[in-house]
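>>> structure for the following, please:
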Amino acid sequence: MPGEGHFIKSVAIRWELVRGDAYLRGIPALVGLGMEPLQLTSNVTFFVGENGSGKSTLLEGMAVAYGLNPEGGTSSYTFKTFDSHSALHEGIEMRRDVLRPWSTFFLRAESFYNVATEADRCTMYPGGPGVSYHNPATGHRQLLHEMSHGEAFLGFIQDSSKENGLYFLDEPEAALSPSRQLTLLYEMNQLAEHGSQLIVATHSPILLGLPGAQIVSFDGELLHEIPYEETESYQVTELFINGRERLLRDLLD
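Residues are numbered from 1 along each chain as shown. The predicted structure follows:
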């Protein structure tokens, strides 16, 4: 069961430090963080909300403010292909524990191709670490670009994450089948039980079902915690599965 979040205990925004990016000040959930910090109360915190509600923007800002590459990867990744991240990280204020995580990484589904390219490039250096990523489908070790997108994404997480780590994941379900999402849920639970902290933006009703996780909704004027059954991801999925014929008739007619 995930316990109290510890590497990052709370997050707030000091808007006076954020330059430009006027659109950020039009996102209600982010504006509210300038008035009251968000307390992280579990080793796993999920950010949920409609597209454009600010959840991925805040996750990115926190990861960059923590010193991670905006395009993703571990703390040692410094590659850059396109500068598209917002200036929100300039005003991110996080209350941190005195203990430091053993490892950190930031993964976003849309830029994982670039992370995989950098990871494979490092393994092919003379005297480098060699092929070091486990393919969850075959059990073999391969370069990430020799795997499917989902296999590489999950393999990177499994091989790069460690106990007492801090991990930022942006919509990881985009790369994974439902069965692989269950695998990721298991991995997340194992990491949380061994002292890691995960902050995840997601629409997945599977991942959101992780017992003991904190679910923070970005819908509405202020960030607020909600139970699993009140997430839109759960409600729409439940409605579709249990009333598919009627729902499709109403939608398509």
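>>> would you map the strands across the stretch 101-250 of the chain?
104-108, 133-134, 141-142, 166-170, 197-201, 214-217, 224-225 (DSSP state E, counting those that start in this stretch).
>>> in a markdown table: the ones you listed, plus distance to Tyr186 and mean neighbour count.
Glycine gets a C-beta too; all of them are placed from N, C-alpha and C. Converted to a markdown table, the strands of the stretch 101-250 of the chain look like this (distance: least, Cβ to Cβ, whole Å; neighbours: other Cβ atoms under 10 Å):
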| stretch | distance to Tyr186 | mean neighbour count |
| --- | --- | --- |
| strand 104-108 | 17 | 24 |
| strand 133-134 | 15 | 21 |
| strand 141-142 | 21 | 16 |
| strand 166-170 | 15 | 25 |
| strand 197-201 | 13 | 26 |
| strand 214-217 | 19 | 22 |
| strand 224-225 | 24 | 14 |
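>>> and the angle for the lengthiest helix in the chain with strand 166-170?
The longest helix of the chain (DSSP state H) is helix 178-193. Helix 178-193 runs at 150 degrees relative to strand 166-170, counting by axes from the mean of the first three to the mean of the last three Cα atoms, to 10 degrees.
>>> contacting residues for Thr231?
Thr231 is in contact with 48, 205, 208, 215, 217, counting by Cβ atoms under 8 Å, 6 or more residues apart in numbering.
>>> cool, and Leu58?
11, 29-30, 33, 47, 88, 218.
>>> skipping adjacent residues, who's closest to Ser42 in space?
Spatial nearest neighbour of Ser42, excluding adjacent residues (Cβ to Cβ, 6 or more residues apart in numbering): Gln214 at 3.9 Å.
>>> does that neighbour touch Val44 like I think?
Yes. The pair Gln214 / Val44 is scored as a contact, 7.0 Å apart, by Cβ atoms under 8 Å.
>>> identify the residues contacting the residue most central in space within the chain.
Taking Cα atoms, centre = their mean, the centroid of the chain lies closest to Leu169, which sits 1.8 Å from it. By Cβ under 8 Å, 6+ apart, the contact list for Leu169 reads 107, 157, 198-202.
>>> if we use 6 Å, what do you get?
Counting by Cβ atoms under 6 Å, 6 or more residues apart in numbering, Leu169 makes contact with 107, 200.
>>> how near is it to Gly52?
From Leu169 across to Gly52, the span is 19 Å (Cβ to Cβ, to the nearest Å).
>>> low pLDDT regions in the stretch 1-150 of the chain?
1-5, 72-85, 109-132, 134, 142, 144-145, 149 (pLDDT under 70).
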